[in-house]
Every structure is written in structure tokens, then in C-alpha cells.
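>>> fold the following and give me the result.
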Amino acid sequence: MSLDAPARLPPQRRKGLSFGWLDAVLLACVLGAAGYFIWRTQTVLYYKWDWSTVWPWILRVDPKTGGWVPNAILLGLATTLRLAIWGILLAAIIGAIMGWARTSKRLLPRLISTSYVMLIRNIPPIVFVFVFVFFITSQILPSLGIADRAARLSPDMRWWLSVLFGPISRIENFLVGLICLSVFTGAYVTEIVRAGIESVPRSQIEAGNSLGLSRFDVLRDVVFPQALRNVIPPMSNQFIQMIKDSSLVSLVSVQELTFVAQDIQISTQRVFEVLLFVGLLYFMICWSLSLIFGRLERDATRVRG
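Below is the predicted model of the structure:
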């Protein structure tokens, strides 16, 4: 081997999953806690587990067609997903506008955006939901007549509205919950966007200015494309958080998953089975999304690298 030849590094091993003694101890603690919980419910509370009461609320037989159709739990889950998807889109729009205003040189936009963020982030979510929702439902929505207008649409349009926003008869409740979640989450998205904009090096902005670009062009062509790469990971986490935060609007009769679970546990008197099953649904959705977003983030990092 020549002394001038570059040294070859051994190929790096791909890190795999390892299971050590600490993992075994943690797993044993989790299993022990679950066993203790089951023992306490059976021997102390004299609770008799009956999971058969949960399954009929997932699927039911349609008396007209004789086929299986979604029941309350799946319908509530669909409403939760609709709230999360539409909510993060609206929150992203609010956050982009307010995030830009937070970095503006003008005083008025900064005051408005800062007041919005400070107000939302320093009020308990439950208080915000009750005040915001009851103000909208009592003052604004009745004058719009959304439900009446939706009922007069063609059958095809009503079908699309039911797919996108849920049953037409409850569309006003859905919109109220959607606006509430969007405004609430928009405050946190605002800070994500602000941090993303401020993460762009000042030299990039100065280079855009030296080319004669206007402030809007610099913001559109230089700042936002670079900031977007930095805000995607926290935005994916915020989407997962919104799925969990959607349970807040169950307090104002929006029939999402938590609201449906409360109705089912009251009608069946099976508290642990219903709540554990619904909690498992939340966990499976959020955990699956975290794995998907983590994989996409790693792939994006590898491409940029």
C-alpha cells in the first residue's frame, strides 16, 4: 500500500435495534403496572371486564342494505381526523400571516401578532374553548344560516360536504370546533413560523436586496423556501398535537372521538373498556404518524446532505 494513497475507512455498520437489560427492566415495570391495574380493578373495585360491549359501537349492520357500516366510534374518529386535517391547514395560514407579522419592521403588525400569541398561549385551553365557541355560536353563526344553505344544495354537493365536513345536520357544530382549534393552534404555529423566518441567515436577505428584489419578493423567493425546511418538522409534531387537542371541542358538543366515547360509556356503563379502547386508537394514530413523519424527515435530511 502506498503512503500517498488515502486511507480507506472501514464501512460503517448500520445501527439496528438493541434490547439490553435496561429495556428488559422497563418492559417488566410496564407489564407489572398493567397487571397491578387489572388486579386492582378486579379485586378492589370488583370490576368485571366485558369487551363485547365495545365492538357493536365500531361497526353495525345496516337494516336497509344488510351490510356492515361504520358505527359511532368510527364516525367519531372520522370527525377527529377531519378536524385535525382542516385545522392544521387553517392554522398554517393563520400562523404564516401572524409569523410574518411577528418579524415585520412595522409596529402595528407586530403588536397585533404579539397580542394574539400572548393572549392564546396564556389562557387555559378550556376557558378559551368555552368563551370562543359560545361567542361564535350565539353571535355569528345564526346570522350566516350555513346549515340551511347546505340543506338546499344538490345531492352531489351535499355528499361532498358530508365527506369533507361530516353530516350536514351537524356542520355548524363542526365549523365552530374547527375555527376554535385553528385559532388556538395558530398561535403556536405563529411561533414556529417566526422561528423559521429568523433562522434564515441575514446574508441571504441582504443578497436578495442587493439584486434589487422587493421586500415581498425577498420574502417569497428567498426567506420562505428556506424557512419551510425548518418549520416542517415542528409542524408535523403540531399536527399530531392537534389530533389530541381535538378532544377539547367535545366540551361544546362536537361529536368527535372523545365526545362519542363519553356517550358510549354512559349508555353502556363500561367505563374502562371504552376509554381504554379510545385511548388505544389515539395512541395508534399518533404513534403511526410520528413514525411516518420521522422517516420523511430523515429522508429529507439525507437528500439535503
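>>> dump the residue contacts of the nearest residue to residue 243 once chain neighbours are set aside.
Leaving out its chain neighbours, the residue that sits closest to residue 243 by CB to CB, 6 or more residues apart in numbering is residue 84, at 4.5 Å. Every C-beta, even on glycine, is put in place using the N, C-alpha and C of the backbone. Listed by CB atoms under 8 Å, 6 or more residues apart in numbering, the contact partners of residue 84 are 239, 242-243, 246.
>>> I'd like the distance between residue 84 and residue 240.
9 Å (CB to CB, to the nearest Å).
>>> repeat for residue 42
In terms of CB to CB, residue 42 sits 34 Å off from residue 240.
>>> ok, those two, which is more surrounded?
residue 240 (18 against 12; other CB atoms under 10 Å).
>>> ok, the more buried one touching residue 286?
Yes - between residue 240 and residue 286 there is a contact at 5.0 Å, judged by CB atoms under 8 Å.
>>> how about the contacts of residue 84 in TSV, adding secondary structure, pLDDT and distance to residue 256?
Shown next, in TSV, are these (DSSP: H, G, I helix; E, B strand; the rest coil; pLDDT from 0 to 100; distance: CB to CB, whole Å):
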residue	secondary structure	pLDDT	distance to residue 256
239	helix	92	16
242	helix	91	12
243	helix	92	10
246	helix	90	5
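>>> pLDDT weak spots in the stretch 201-305 of the chain?
Residues of the stretch 201-305 of the chain meeting the criterion pLDDT under 70: 300, 302-305.
>>> so where do the strands sit in it?
Counting by DSSP state E, counting those that start in this stretch, the stretch 201-305 of the chain forms no strands at all.
>>> run through the helices of it in chain order.
202-210, 215-218, 224-245, 257-268, 271-304 (DSSP state H, counting those that start in this stretch).
>>> centroid residue for this structure?
With distances taken as CA atoms, centre = their mean, residue 242 lies nearest the centre of the chain, 2.6 Å away.
>>> wait, doesn't that residue sit right on residue 92?
No - in this structure, residue 242 is not within contact of residue 92 by CB under 8 Å, at 10.8 Å.
>>> how many neighbours does residue 82 have?
19.
>>> repeat for the one 5 residues further on
Under the neighbour criterion other CB under 10 Å, residue 87 is assigned a count of 27.
>>> ok, for it, nearest residue in space, not its chain neighbours?
Here the residue nearest residue 87, using CB to CB, 6+ apart, is residue 181, at 4.3 Å.
>>> and for residue 263?
residue 72 (7.2 Å).
>>> just residue 175 next, same as before
residue 146 (6.7 Å).
>>> ok, which stretches of the stretch 51-200 of the chain are strands?
Under DSSP E, counting those that start in this stretch, the stretch 51-200 of the chain gives strands at 59-61, 68-70.
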